[in-house]
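A.B. asks: Sequence plus the predicted model coming up.
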Amino acid sequence: MLTFAHLAVACALSLACAFAYYVLQRARHELAIRKIGGVRAPMLAGNPLTAVSWFYSTARAQMRNQLLEQYTSFFDLATPECPDCVEIHFRPRERYILTRDPEHIKAVLTTQFSDFGKGARFHDLWRPFLGDSIFTTDGQLWHDSRSLIRPMFVKDRVGDLATFEKGVSTLLDKLPPSGQTVNIMDLLYRMTLDVTTEFLLGASVDSLNNPQSEFAAAFNDVQRIQMMLTTVGPFEALIPRRRYNQGIQVIDRFMMPYIEQALALPQYELEKLSNSDKHFTFLHSIARHTRNRQVLRDQIIAVLLAGRDTTAATLSWALYELSRYPAKYARLRSEVIRTVGCTRAPAYADLKGMAYLKHTLNETLRLYPAVPYNLRSALEDTTLPALTPGRAPIAVVKGDIIIYSTLAMQRRRDLYPPETDAFEDPALFSPERWERWTPRPWQYVPFNGGPRICVGQNFAMTEMAYCLVRVLQKYERIEYRGDWSAQRHEAEVVGKPSQGVHIALYEESTKEVGNSAPFVI
Ligand code: HEM
């Protein structure tokens, strides 16, 4: 008969076995570190018990939109020898290395590119949403995706601005009369969804005209839950997935008819279309090279994810900052009017020729890089560079996760020159600083760098410039109508203003309404 004593012994034995397993695995990891010949980064937590409290406080900080403060506070516990990199050792073979150092980011993204990748865990976690696409794969699979996608991002394709004009003119139609408050972030998210689906599929979701779009709601849901699954790390199994799975089904139902249409075209039709600017889409471009429905679906969703929120969030931050500084808005507007007047649609060369416009976007991406936190998995035993001369490098064992934050790095005061009249406090929005300053290599990487640099960089800069020009042509002034002190940086996959961007835009010769005091985040 099974007695309490038997159960107690069984429990004790299981615990002892688990403990022995933990010790053994941990010893293997320590041995690997020693074999590599490097050192550990300063440790925030060295076992599951202490690590749990870090995961908990980080999840809480994320829910309160205080992730940057939390991430920055990690380095208060670093050491002078290794000031911008720390680590958390959770399960015996599960180690997270957190960094905000440009040399580390450079190593991970370029000089030691083949040592790091998205890794099997990221791939498995994101697979239901993004399949085996450019975003989730490494090695040959990634390389093939990149080759498939790149031709649609050459200058001649991006220089065709008709898709941007269609999206932006619908956005302008949706803006309320001069002087009335609008949450422009909401409209920008819908506009970039419409522009990106038009570019990818040749058919816009038309969410600006149809705010209740089932596809848009599903895409938002899936993205939100995906980010949650990623941030909770080892606890992802605890997150319910019903809405996530339903959302993916809605997305697939929307996409499949377009994919079938493209696949119904014979090869010679696709080749003929490829010579036309107007009707040739991203979907056609990849259908020329593969008839595999799953590949087409995965790549399209990946580019939609990459291209939609990033540009919408950056434009939202740009207008948020411009609403804080009326003189900068006026300066940008005078450049726009000087170049294209009040009504002419800008050409590609006009957009590239406006220096203050470029500085405005660069400055926005400096303070708010759209992908604020990112990660890579070590695919081999390797190292990260030492952060002080004469020190050993940081040993990285195959499977360790490197979390790097371009947001935290680009907010590091010590990476900037001292404040002068020409170079304002780096915490402030100042497009002017770009007139006489160029960031050092790897200290400004909103689009990442190396072989996996954002393939849509030129598309994004062109779309954002086009949108700003059209808005500034029409509106003489901008006024912030939100609560400055409530605004936070909300980090999902993409970092966006937590409160939206409530503003009023004024056409020429309308009267001003009162404003509240600016607040710097
Ligand atoms: C402000 C706008 C944008 C920013 C700041 C941005 C930033 C980034 C970053 C940081 C990555 C690297 C992600 C990683 O490797 O983990 C990336 C990759 C990528 N981006 Fe962008 N992006 C923007 C807009 C776009 C647009 C508009 C598109 C396409 C329409 C696009 C397509 C891609 C693709 C396909 C990748 C994957 C590249 C690869 O892994 O080889 N992005 N982007």
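C.D. replies: Thanks, I have the structure now.
A.B. asks: Can you name the residue of the stretch 351-500 of the chain nearest to the ligand?
C.D. replies: Nearest residue of the stretch 351-500 of the chain to the ligand, counting by C-beta to the nearest ligand atom: residue 456, 2.2 Å away. For the C-beta atoms, the positions are set from N, CA and C on the backbone; glycine is no exception.
A.B. asks: neighbours of that residue, just the number please.
C.D. replies: The local packing count at residue 456 equals 21, with neighbours defined by other C-beta atoms under 10 Å.
A.B. asks: Up against the ligand, what does this protein have?
C.D. replies: Neighbours of the ligand within the chain, by C-beta under 6 Å from any ligand atom: 134-135, 146, 149, 196, 303, 306-307, 310-311, 314, 365, 370-371, 374, 446-448, 452, 454-456, 459-460.
A.B. asks: repeat that with 5 Å
C.D. replies: By the criterion of C-beta under 5 Å from any ligand atom, the positions of the chain lying close to the ligand are 134, 146, 303, 306-307, 310-311, 314, 370-371, 374, 446-448, 452, 454-456, 459-460.
A.B. asks: and those, which of them are in strands?
C.D. replies: Per DSSP state E, strands hold the following members of the residues of the chain next to the ligand: residue 374.
A.B. asks: circling back to that earlier point, the residue of the stretch 351-500 of the chain closest to the ligand reaches residue 153, doesn't it?
C.D. replies: Yes. With contact defined as C-beta atoms under 8 Å, residue 456 and residue 153 form a contacting pair (6.0 Å).
A.B. asks: Of the residues of the chain next to the ligand, grab the buried ones for PyMOL.
C.D. replies: Per 16 or more other C-beta atoms under 10 Å, the buried members of the residues of the chain next to the ligand correspond to this PyMOL selection:
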select buried, resi 134+303+306+307+310+311+314+370+371+374+446+447+448+452+454+455+456+459+460
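A.B. asks: mind listing what residue 49 touches?
C.D. replies: The contact partners of residue 49, taken as C-beta atoms under 8 Å, 6 or more residues apart in numbering, number zero.
A.B. asks: where's it, which helix or strand?
C.D. replies: Mapping residue 49 onto the secondary structure by DSSP states H and E places it in helix 48-63.
A.B. asks: Please identify the buried residues of that helix?
C.D. replies: 51, 54-55, 58-59, 61-62.
A.B. asks: Are there helices or strands packed against the helix or strand bottoming out on mean pLDDT in the chain, and which ones?
C.D. replies: Lowest on mean pLDDT, DSSP states H and E among the helices and strands of the chain sits helix 155-158, with a mean of 74. Packing contacts for helix 155-158, counted by 3 or more C-beta pairs under 8 Å, 6 or more residues apart in numbering; DSSP states H and E, involve helix 457-474.
A.B. asks: What backbone torsions are found at the residue of the stretch 351-500 of the chain closest to the ligand?
C.D. replies: phi -100, psi 20 (degrees, to the nearest 10).
A.B. asks: so what's it up against?
C.D. replies: Applying C-beta under 8 Å, 6+ apart as the definition, the contact partners of residue 456 turn out to be 153, 303, 306-307.
A.B. asks: And the pLDDT for it?
C.D. replies: The predicted local confidence for residue 456 comes out at a pLDDT of 95.
A.B. asks: For it, give its distance to residue 16.
C.D. replies: Distance of residue 456 to residue 16, computed by C-beta to C-beta, to the nearest Å: 54 Å.
A.B. asks: can you map out the helices along the stretch 251-400 of the chain?
C.D. replies: Read by DSSP state H, counting those that start in this stretch, the stretch 251-400 of the chain holds these helices, from start to end of the chain: 267-274, 282-287, 293-324, 326-340, 348-353, 355-367.
A.B. asks: would JSON lines of those helices with mean pLDDT be doable?
C.D. replies: Converted to JSON lines, those look like this (pLDDT from 0 to 100):
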{"stretch": "helix 267-274", "mean pLDDT": "88"}
{"stretch": "helix 282-287", "mean pLDDT": "91"}
{"stretch": "helix 293-324", "mean pLDDT": "95"}
{"stretch": "helix 326-340", "mean pLDDT": "98"}
{"stretch": "helix 348-353", "mean pLDDT": "96"}
{"stretch": "helix 355-367", "mean pLDDT": "98"}
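A.B. asks: Let me have the ones you listed in CSV, adding distance to residue 482 as columns.
C.D. replies: Compiled in CSV, the helices of the stretch 251-400 of the chain are given as follows (distance: least, C-beta to C-beta, whole Å):
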stretch, distance to residue 482
helix 267-274, 45
helix 282-287, 35
helix 293-324, 8
helix 326-340, 16
helix 348-353, 28
helix 355-367, 17
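A.B. asks: Give the burial count for the residue in the stretch 151-300 of the chain positioned nearest to the ligand, as a bare number.
C.D. replies: With C-beta to the nearest ligand atom as the measure, the residue in the stretch 151-300 of the chain that lies nearest the ligand is residue 196; the distance is 5.9 Å. For residue 196, the number of neighbouring residues by other C-beta under 10 Å comes to 29.
A.B. asks: just residue 144 next, same as before
C.D. replies: Burial measure for residue 144: 16 neighbouring residues, criterion other C-beta under 10 Å.
A.B. asks: name the element it belongs to?
C.D. replies: Taking DSSP H and E as the criterion, the element that holds residue 144 is helix 139-149.
A.B. asks: Touching that helix from outside, list them.
C.D. replies: Residues external to helix 139-149 that are found in contact with it (C-beta under 8 Å, 6+ apart): 117-118, 132-134, 137, 282, 286, 289-290, 299, 302-303, 451-452, 455.
A.B. asks: Go ahead and build a ChimeraX selection from the buried members of the residues you listed.
C.D. replies: Command for ChimeraX, covering only those of those found buried under the criterion 16+ other C-beta under 10 Å:
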select :117,118,132,133,134,137,282,286,299,302,303,452,455
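A.B. asks: Low-confidence regions, this protein specifically.
C.D. replies: Judged against pLDDT under 70, the low-scoring parts of the chain cover residues 1-2, 277, 510-521.
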